[in-house]
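Undergrad: Model the structure of this input:
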Amino acid sequence: MDMQRQPQRQPQTHSQTHSQTHSQTQHPEGCLVVAIRIPVRIFVFLVVLPIRLLWDAFAAVARFLWRYLVVPVARFLWRYVLAPAGHAVAWLLHVLVVVPLGWLYRYLLTPLGHALVWLYARVLTPIGHAVLWLLTPVARAVAWVFGQLATALYWIARVLLVLPAVALWRWILTPVGHVLGIVLREIWEALGHAWRAAGHVARAVGRILGTLFRWIFLEPARWLYRTVLTPVGHVVRDLVLRPAAQVARAVGRAVRQARADLRRALFGEPARPPAVDRREPAGRDTRTLDG
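TA: Down below sits the predicted model:
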């Protein structure tokens, strides 16, 4: 009995498995890829960064214009211009095109088609069978000659065109295309990397500008309104506006009273209208409808 234990294999972690998979899926180009990737990514990032900043600004302006200008105008045009015009054009097309074409198909093309079918079945088909029966040997000879000629042309084209083209493709175009594919792939990956990095930079710049705008304009304005203008407004309201309103009301009442006193001093008390006894007579003197 073998008492020695077999050494246990350590389970591979996710990172090791991922690194192995990544190393297996890496492209085998090696130094050429490294020599192309770094300068291309640096150059492309420097080129793409201002473009991404302009793109984000343009996208923000375009979203604003689309939401508040283009969509309302488009809805207005669709509801009041395009939809009525479309209905009118559809009605005109139906009247001027669909109806005449339906009439033409029904009363002209359909009878003509039936006549052609009858002509093909009753006339042309028998004539074709007779011609085929008379020309079969000649047709076979012509077909053999054309077959030999086609074979000769095939081998001539293969020797003069196909084989040189295959050699050119295999020994020149394929290596050049391989190198160009590596360069284009690295440029494309550099563009994607630079676009994503420029997006992070643009968002960071936007956040910095928003923070600066908030701390330079919004926060001082908020502090000024909260700390200075609001207490000053309360003081002005309590010490100036309310007393001024009370004084104005008191002056108004005094002016009205003085005007009334002056009128009484100049013209006397206004005459009061005489009192009218509106009570009904009692007893026999009660009013009736006759008297």
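Undergrad: Sticking with Leu163, tell me its helix or strand.
TA: Using DSSP states H and E, Leu163 sits in helix 163-168.
Undergrad: In that helix, which residues are buried?
TA: Counting neighbours by 16 or more other C-beta atoms under 10 Å, one finds that helix 163-168 has no buried residues. Any C-beta I mention is one placed from the backbone N, CA and C, and that applies to glycine too.
Undergrad: Compute the mean per-residue pLDDT across that helix, please.
TA: Mean pLDDT, helix 163-168: 83.
Undergrad: Show me the helices in the stretch 151-291 of the chain, by range?
TA: Secondary structure of the stretch 151-291 of the chain (DSSP state H, counting those that start in this stretch): helices located at 163-168, 174-213, 219-223, 230-236, 242-267.
Undergrad: Stretch 75-89 spans what distance, first to last residue?
TA: 20 Å (C-alpha to C-alpha, to the nearest Å).
Undergrad: Over to stretch 215-235?
TA: Chord length of stretch 215-235, first to last residue, is 28 Å (C-alpha to C-alpha).
Undergrad: what is the rounded mean pLDDT of that stretch?
TA: 90.
Undergrad: what's the offset of it from the middle of its chain?
TA: The chain centre lies 41 Å from the centre of stretch 215-235; the measure is C-alpha atoms, centre = their mean, to the nearest Å.
Undergrad: and if you look at stretch 95-108?
TA: Distance, stretch centre to chain centre, for stretch 95-108: 42 Å (C-alpha atoms, centre = their mean).
Undergrad: What of stretch 38-54?
TA: Here stretch 38-54 is found 26 Å from its chain centre; the criterion is C-alpha atoms, centre = their mean.
Undergrad: any residues touching that stretch, and which ones?
TA: 186-187, 189-191, 193-195, 197-199, 201-202, 205 (C-beta atoms under 8 Å, 6 or more residues apart in numbering).
Undergrad: redo that, cut-off 6 Å
TA: Residues outside stretch 38-54 that contact it (C-beta atoms under 6 Å, 6 or more residues apart in numbering): Glu186, Ile187, Ala190, Leu191, His193, Ala194, Trp195, Ala197, Ala198, Gly199, Ala202.
Undergrad: CA atoms only for it, dumped as CSV, please.
TA: Provided in CSV are the C-alpha atoms of stretch 38-54 (Å, rounded to 0.1, in the frame of the first residue of the first chain):
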residue,chain,number,x,y,z
ILE,A,38,2.1,53.5,-27.5
PRO,A,39,2.9,56.3,-29.9
VAL,A,40,-0.4,55.8,-31.7
ARG,A,41,-2.4,56.0,-28.5
ILE,A,42,-0.6,59.1,-27.3
PHE,A,43,-1.0,60.9,-30.7
VAL,A,44,-4.7,59.8,-31.0
PHE,A,45,-5.5,60.9,-27.5
LEU,A,46,-4.0,64.4,-28.1
VAL,A,47,-6.1,64.6,-31.3
VAL,A,48,-9.3,63.2,-29.9
LEU,A,49,-9.4,65.2,-26.6
PRO,A,50,-10.5,68.6,-28.1
ILE,A,51,-12.8,66.8,-30.5
ARG,A,52,-14.5,65.0,-27.6
LEU,A,53,-14.8,68.3,-25.7
LEU,A,54,-16.4,70.0,-28.7
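Undergrad: and that stretch, what's its mean pLDDT?
TA: Here the average pLDDT along stretch 38-54 is 80.
Undergrad: how about it: buried residues?
TA: Those would be Val40, Arg41, Val44, Phe45, Val48, Leu49, Arg52, Leu53, for stretch 38-54 by 16+ other C-beta under 10 Å.
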